[in-house]
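# The following comprises the amino acid sequence and a computationally predicted model.
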Amino acid sequence: MQILKNRHVAGWLQAAPLTLVLAAFLVLPIATIVTVSFWQATEFSIIPAFSLENYRFLFGSSVTGRVFLATFRYAFLTWALTLAIGFTVAYYLAFHVRSQSWQIALFLLCTIPFWTSNIIRMISWIPFLGRNGIANQMLISWGVVDEPVEWLLYSDFSVILAFVHLYTLFMVVPIFNTMMRIDRSLVEAAYDNGASGWQTLIHVILPLCKPGIMIGTIFVVTLVMGDFITVRFMSGSQRANVGRLISNDISLLQYPSAAATAVVLLCTVLLTIAILLRFVDIRKEL
Amino acid sequence: APMVWSQESKNIVLRQFGTGVSNLNEVATKVKEDLGITLEMTALDSDAVTQRAATQPDSFDIADIEYWICKKVWPTGNLQAMDVSKIANYDKIVGIFKDGKLTPESEIAQGTAPHTVGFVEGQGSTAFADEQTNWMTLIPTIYNADTLGIRPDLIGRPISNWSELLNPEFKGKASLLDISSIGIMDMAMVCESMGEITYGDKGNMTREEIDATFAIFTEAKRAGQFRAFWKTFDESVNLMASGEVVIQSMWSPAITAVKTRGIPCVYQPLEEGYRSWGGGIGLSKSLTGMELDAAYEYINWYLSGWVGGFLMRQGYYSAVPETSKEFMSENEWGYWFEGKEATGEITSPFGDVLAQAGEVRDGGSFYDRMGSVACWNAVMDENQYMVRKWNEFIAS
Amino acid sequence: MERRSTGFWLLTIFFGLFLLFLYGPTITIGILSFQGPGGGLTFPMQGASLHWFRDLFREQAVGDIWGAFRRSFALGLMVMVTTVIVSVMGGLAFRKRFAGSGILFYLIIASLVIPSILVSLGVGLIFNQFGLRVHWASSGFGSQLTWTLPFGLLIMFAVFNRFDKSYEEAARDQGASAWQTIRFVVLPIIAPSLIGVGLFGFTLSYDEFARTLLTAGSYNTLPLEIYGMTTNVTTPVIYALGTLTTAFSLLIIGAFLLAAWAGAKRRARLGSDAGKGV
Amino acid sequence: MRSGQDLELVHVTKRYGGTVAVRDVSHVFANGSYVCLLGPSGCGKSTTLRMIAGHESISEGSIVLDGHDVSRLEPARRGTAMMFQSYALFPHLSVRDNVAFSLRMKGVDKAARHRAADEMLELVDMTHLAERLPAQLSGGQQQRVALARALVTKPRVLLLDEPLSALDPFLRIRVRGELKRLQRELGITFIHVTHGQDEALALADEVVVMNDAVIEQAGTAREVFAAPRTEFVARFMGGHNVMDLDGTRFALRADDVRLDEAGLPAVVRGVEYQGAHVAVTAMAGAQEVLALVPEARFFENPKNPGDAVGLSWDASRLHRLTA
Amino acid sequence: MRSGQDLELVHVTKRYGGTVAVRDVSHVFANGSYVCLLGPSGCGKSTTLRMIAGHESISEGSIVLDGHDVSRLEPARRGTAMMFQSYALFPHLSVRDNVAFSLRMKGVDKAARHRAADEMLELVDMTHLAERLPAQLSGGQQQRVALARALVTKPRVLLLDEPLSALDPFLRIRVRGELKRLQRELGITFIHVTHGQDEALALADEVVVMNDAVIEQAGTAREVFAAPRTEFVARFMGGHNVMDLDGTRFALRADDVRLDEAGLPAVVRGVEYQGAHVAVTAMAGAQEVLALVPEARFFENPKNPGDAVGLSWDASRLHRLTA
Ligand SMILES: Nc1ncnc2c1ncn2[C@@H]1O[C@H](COP(=O)(O)OP(=O)(O)OP(=O)(O)O)[C@@H](O)[C@H]1O
Ligand SMILES: Nc1ncnc2c1ncn2[C@@H]1O[C@H](COP(=O)(O)OP(=O)(O)OP(=O)(O)O)[C@@H](O)[C@H]1O
Ligand SMILES: [Mg+2]
Ligand SMILES: [Mg+2]
């Protein structure tokens, strides 16, 4: 009985289910991926023999670099756009909508589309953006263009559009959360000190939102970097990011090769997040 | 006794998976009706099919796969060979699946022709036999000859060569399918047609041939030739129907699907011939006893004509056309199999109108179409290399 | 009413556009799901009907939507319950520092940021290597937990960061045992957040694609089925499904709001002296 | 002492939907005076202050400072500055940057604004902590920084919303001395919201007692304490008995009540030691009377609850209430 | 008055890592008395109280109640009950269920525990609000519910951590009268933590002044106020001057200082009106002296900051400090 009172023992007992799940479905799988990345494969089976071949091929291919670059580009552009949109939306909800019930109602309104399957939401852009889609028909009927605009669909534009559409909420929520915790009297104090609305935004609200921005950034960056399906659907398989590289390998049963790419992606993501975490103490900011 | 047998088979559940092409719920309903067997169907894309067949032998009882997939999967030992003597209609199966010849004078096309992976030496063998034996790997179910689909209304001129796929005229309006083993064959047809490459065997390319093929297509891709790649049946339909794409490699029922929407679409017979494919059902290694017996019963039922008719009326071919004939009207048989003018409306098994009286099937009769197959979907010796290059091509 | 600044109106317009952007596809789906029987996945509309909704309830040519729906629903519930329980326990554990809690915390963060396809791949590989059978209720379930648990835990951390410890001390003071304290005080107080965690867990699971892709085994979950449908189905039935799920979630939210409103109303009848100096 | 530079509320009303937080209040705050707004919770003190500051719009009426109607001006243009109850120091800025904030907003260059900030910090004796972040300061120190930040704008009127409530009683007494000293040195108007009577009495040149959205009484501390106009004021200021004599209500200061065998017979109900005094509560019939007896006198003849006592007072000390 | 039923701290020490929150404290709390623990922020009052309650373990020493060492017992087994500063009312339970909580934990059936709870609510006059949730109560009402909840366990000792700090000053004075009355009626020991001197003086049978983790002085309110032992106590209790005369330190009550032309010459620095008194701060050389002058006398001859005054006192009132 006494041993249960020990806080380390009690802590581990309570954390045991969590630890088990993470060990079985996170640590072990990742360890396996790392191991398998050094193995070889035939069309249909994995050969457990140590080899650096996968990495050699990966780093030897000119495509790899380009794909990683594309992954970063997608991540960066999506991040910048979701941040700009997410911050503005959160700012509007937190500081310009005054009644709390309206805040809740509008916030819920933003979340409702997220109950529709991601895939359905994604592919529903296709009839909108296509060569004969609504967007092009509108543009033509307004006389903005004569020919349908081709780059609306199956392009980087449509990929990033879909990303922004899917992930902006991941930016809105944490930023909104930190904004709601900013003491309103700080804003009044800023006005009192002669700051304009814009100055208050830049000098007071923005700095105080940093933790929320960081958390949102972590979400968006990891989601985009790990994605493989949005890029495939929205670019009509014309573009690739690392996730697609992996999923292509997987679908072609090239597990070791997929694992090697996965290991490199994993390191990249963890490194990126580690850098982001330097700027924010997540546990304190929750 | 038969009575007991069918009583018991009512409780039998067989898990089948395969591509959406033939993994149809109607079949399950019908087999439940006729035999009392419950068939659980899971539809996947061909890569997923390969993957599951190769890696998860316990997750299925019956695999509905293509022959080239069989070439990959068989050596894993996940499937068991079937005793030909237990197949009632074995003799009526078309020659393509037995000795490779449609008619005695046919030439055998390049690639993984079904008969080359259709038999093994003995029950437990993982190596394919060169000729017919008593042990069959897959029971052929469905096959067809594929070519390019086009939108005649948007192209406005005759198309007669595979090389048109890369014609700059269709820049941003062409498409290719993103399934390496099939796509590479289409690519080869195109390159050969362009006169850029002469292949020793398109179904078994050398590394140099592979490199050269991809070089041509990568260049075209970078130049913006393709609007999109498709991976599944439906994507190809949507690309075509919405006018995003006017020329692409396509599957026969996809053409039909486009046409049912009232959009003109042609499955264009080309001078260089067709790229063909065939599918069959295989049995999981773990299938034994009563389930195994039920599976044989299911296979015999499959070849007995109803399924064949059902598939033929969608534009595929049955492995045992004779038995299917009984399940088709004369008009249907004439239109689909014999290449005759339709005498009345042709409808799909689902009730969609596919053709009006007086129309003729693209490419003509069974013998015209299956007789000019240039190559079969294939896996080559350099498959691993090809796959990696394919991956690079998609990512480039 | 007070005059609002131009900034307010500009932001309102921006917000409106954002909503339009968010809902645009949902609305597109909504409209297209009412296509006539001959309609396709794209515009133009070919008549208007409820055909595809009816079609949704009939058997499809391929696949098994309702089976997939049942599985996803069951899986969602399993994940929901597990996430709530494990998150609460984890949250309780993390209130005190224990040896190794730092590492565990970083593991949770890692679980959150690791691309889902890697988890899918890894779990698939392990089951493969150990000769186990992947099934949505075993491997699929586990893989989804690696995604829902970090969220649940982060929420629980936030909840417990704000939880006033004196409630527990008061309970102990009143003679409640450790278990009674949790059962009668802690859990009821954090119940609203638990509902949040549960809903979140359910939604994340219900819509999880990548982590289930290689771990679901012979039977598809709904997202996999939808993915399959995008590749096998050429009819607006898939849009009907989307419209139906959206309507369904709207209904659930509406029910929750109504319940909350009714509860507040019922309590308000008793009156309130809060904030008064009496 | 009314001058053209006074701050004046003219029939000011504030409504929140259906509730009226401030009802038709008119008042002149004399220039350079220390005014305390006193009243129970929810009576409208903060709302009044925030309307003056410009953080709350006025539903009706106007606010005039220096002869100009400032009701529609921005907070920073009014010549007022506000010190918030929780201080509202910017947590991400150092003490110096907090104080220099308003100058930075005006575009004053770094050297100049730091100089001005340091001057203010000097005034509140916080120069040595200029580099710290607010979270690294104690409550009293934060209070001083907030003061410096409000003063750096050189306001005509400083508005303070319960500036001492976050401090412990010991500190509170020390800091209120400093506030008073500062006000006197600067010579500007301070309007200080509090619900502590002792604080108001100790600090204010003028005490404004609010109740229920209106001003109940305004005057010097001594006027309000010695001559409450209404029962509410008498009770709220404390130290008073409110008595009903022949149908009229009178206030009687508790320190005017003597314990005296010959007086009105009563029974002791409670005894509270208060240091210099002892507060004796006694019941004379149904009337509760509080007597504040000097300690020395009480302990000459100490009483306990239940004891019988006599109560007496000079009738001249009875003060008639108007309501 | 020491009895076997007293609560006794025996060399109690509490350490948090390196810092000592309570250092070797020994004290006997007499049975049935109202004790106030008084001291500046961080001096260890709460820690002491929480150790008695059992919410904090004891690093060294022991706590004896009724002759039994209770230091290792669970909070509910000690015969103590605690009332928390923020009341810690369970927000999801109605007032009645809050009060009945401990009985529910014991497994008392519903009817019986509601009866007991209603009895307690009667005692604090809250029966009419028994159905409400805590969030629907005002601060004062919440305080009374918290009290009822603590008392329903029939404790021997009630521990109160700053029970009045969440109330506004007006209410605080009213409620403290109720607390005192209740304690007297129940006859149990109350240990009340506060940092308000007036509160402690008004309530306590015994005032325990803590500073820096130790007890500085303990005694009746009058003893502590009239005869502070140390400079700290004198200053902290307020109303005292601490003076250095010939190298010895003395305390002199401010109400013993008279303004008197003939006295020690000094200059007025500040004048604070306090109702019955006026507090005059004057500088006699470097020595600051506070004089608490009765209002009437002050206004016979009012002084302003800067005026010269004389200060005088009876030498007999000087009280020698030990530290
Ligand atoms: N934003 C608001 N919306 C609605 N009512 C409000 C708002 N602000 C204040 N009130 C109401 O106006 C009245 C006056 O509030 P105010 O804050 O001025 O009181 P106060 O005197 O400062 O009280 P306290 O001493 O508690 O701070 C109260 O009844 C309050 O409920
Ligand atoms: N959990 C803890 N961990 C570390 N130090 C603590 C803890 N609790 C209290 N202390 C320290 O112990 C000392 C005494 O704290 P305590 O809370 O008893 O003071 P207090 O007299 O109640 O003060 P206050 O009047 O501010 O409530 C303080 O220095 C405090 O910082
Ligand atoms: Mg206020
Ligand atoms: Mg304390």
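Noted; the coordinates are in hand. Please read these numbers as outputs of a predicted model, since none were measured by experiment. Ligands and ions are numbered 1, 2, ... in the order given.
# Mind naming the longest helix for the chain?
Using chain A here. helix A:62-91 (DSSP state H).
# You answered for a different chain; I wanted chain D.
Max-length helix for chain D by DSSP H is helix D:169-186.
# That helix close to ligand 2?
No - using Cβ under 6 Å from any ligand atom, helix D:169-186 never reaches ligand 2; the gap is at least 10.3 Å. C-betas here are computed from N, CA, C, even on glycine.
# What lies in contact with that helix?
Residues outside helix D:169-186 that contact it (Cβ atoms under 8 Å, 6 or more residues apart in numbering or on different chains) are D:34, D:123-124, D:139-140, D:143-144, D:147, D:151, D:158, D:160, D:163-164, D:167, D:190, D:192, D:199, D:202-203, E:40, E:195-198, E:236, E:238, E:270, E:272, E:281, E:305.
# buried set for that helix?
In terms of neighbour count (16 or more other Cβ atoms under 10 Å in any protein chain shown), helix D:169-186 has its buried residues at D:Pro169, D:Phe170, D:Leu171, D:Arg172, D:Ile173, D:Val175, D:Arg176, D:Gly177, D:Leu179, D:Lys180, D:Leu182, D:Gln183.
# can you redo these as TSV with pLDDT?
Supplementary listing: these in TSV, determined by pLDDT from 0 to 100:
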residue	pLDDT
D:Pro169	81
D:Phe170	81
D:Leu171	83
D:Arg172	85
D:Ile173	85
D:Val175	87
D:Arg176	87
D:Gly177	86
D:Leu179	90
D:Lys180	89
D:Leu182	90
D:Gln183	92
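# Columns distance to D:Pro91 on top of the residues you listed, output as TSV?
Listed next are those as TSV, based on distance: Cβ to Cβ, whole Å:
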residue	distance to D:Pro91
D:Pro169	27
D:Phe170	26
D:Leu171	22
D:Arg172	24
D:Ile173	28
D:Val175	22
D:Arg176	26
D:Gly177	28
D:Leu179	24
D:Lys180	29
D:Leu182	25
D:Gln183	28
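# doesn't B:Leu270 make contact with B:Thr147?
Yes - at 5.5 Å, B:Thr147 counts as touching B:Leu270 under the criterion of Cβ atoms under 8 Å.
# which one of those two has more residues nearby?
B:Thr147 (29 against 20; other Cβ atoms under 10 Å in any protein chain shown).
# tally of neighbours for the nearest residue to D:Arg132 once chain neighbours are set aside?
Excluding its sequence neighbours, the residue lying closest to D:Arg132 (Cβ to Cβ, 6 or more residues apart in numbering or on different chains) is D:Val95, at 5.4 Å. When neighbours are defined as other Cβ under 10 Å, D:Val95 has 27 of them.
# about what we covered before: from the middle of its chain, how far away would the longest helix of chain D be?
13 Å (Cα atoms, centre = their mean, to the nearest Å).
# Only C-alpha atoms, please: export that helix in CSV.
C-alpha atoms of helix D:169-186 as CSV (Å, rounded to 0.1, in the frame of the first residue of the first chain):
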residue,chain,number,x,y,z
PRO,D,169,-3.1,45.2,4.2
PHE,D,170,0.3,46.1,5.5
LEU,D,171,1.6,47.1,2.1
ARG,D,172,-1.7,48.8,1.3
ILE,D,173,-1.3,51.3,4.0
ARG,D,174,2.3,52.1,3.0
VAL,D,175,1.5,52.5,-0.7
ARG,D,176,-1.6,54.7,-0.1
GLY,D,177,0.7,57.2,1.6
GLU,D,178,2.9,57.2,-1.4
LEU,D,179,-0.1,57.7,-3.7
LYS,D,180,-1.2,60.7,-1.8
ARG,D,181,2.3,62.2,-1.7
LEU,D,182,2.7,61.7,-5.4
GLN,D,183,-0.7,63.4,-6.1
ARG,D,184,0.3,66.4,-4.1
GLU,D,185,3.7,66.7,-5.8
LEU,D,186,2.3,66.4,-9.3
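# Is it correct that D:Val22 is in contact with D:Arg50?
No - using Cβ under 8 Å, D:Val22 makes no contact with D:Arg50, being 9.9 Å away.
# what about those two, which has more around it?
D:Val22 (27 against 21).
# Are we agreed that the more buried one is in a strand?
Yes - under DSSP: H, G, I helix; E, B strand; the rest coil, D:Val22 sits within a strand.
# State the helix or strand in which D:Ala148 lies.
Assigned by DSSP states H and E, D:Ala148 belongs to helix D:139-151.
# What is that helix packed up against?
Of the remaining helices and strands, those touching helix D:139-151 by 3 or more Cβ pairs under 8 Å, 6 or more residues apart in numbering or on different chains; DSSP states H and E are strand D:80-83, helix D:95-106, helix D:110-123, helix D:169-186.
# how about a cut-off of 10 Å?
Secondary-structure packing of helix D:139-151 (3 or more Cβ pairs under 10 Å, 6 or more residues apart in numbering or on different chains; DSSP states H and E): helix A:184-192, strand D:80-83, helix D:95-106, helix D:110-123, strand D:157-161, helix D:169-186.
# Let's have these in JSON lines, adding distance to D:Arg249.
As requested, the helices and strands packed on helix D:139-151 are exported to JSON lines (distance: least, Cβ to Cβ, whole Å):
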{"stretch": "helix A:184-192", "distance to D:Arg249": "41"}
{"stretch": "strand D:80-83", "distance to D:Arg249": "38"}
{"stretch": "helix D:95-106", "distance to D:Arg249": "50"}
{"stretch": "helix D:110-123", "distance to D:Arg249": "47"}
{"stretch": "strand D:157-161", "distance to D:Arg249": "33"}
{"stretch": "helix D:169-186", "distance to D:Arg249": "33"}
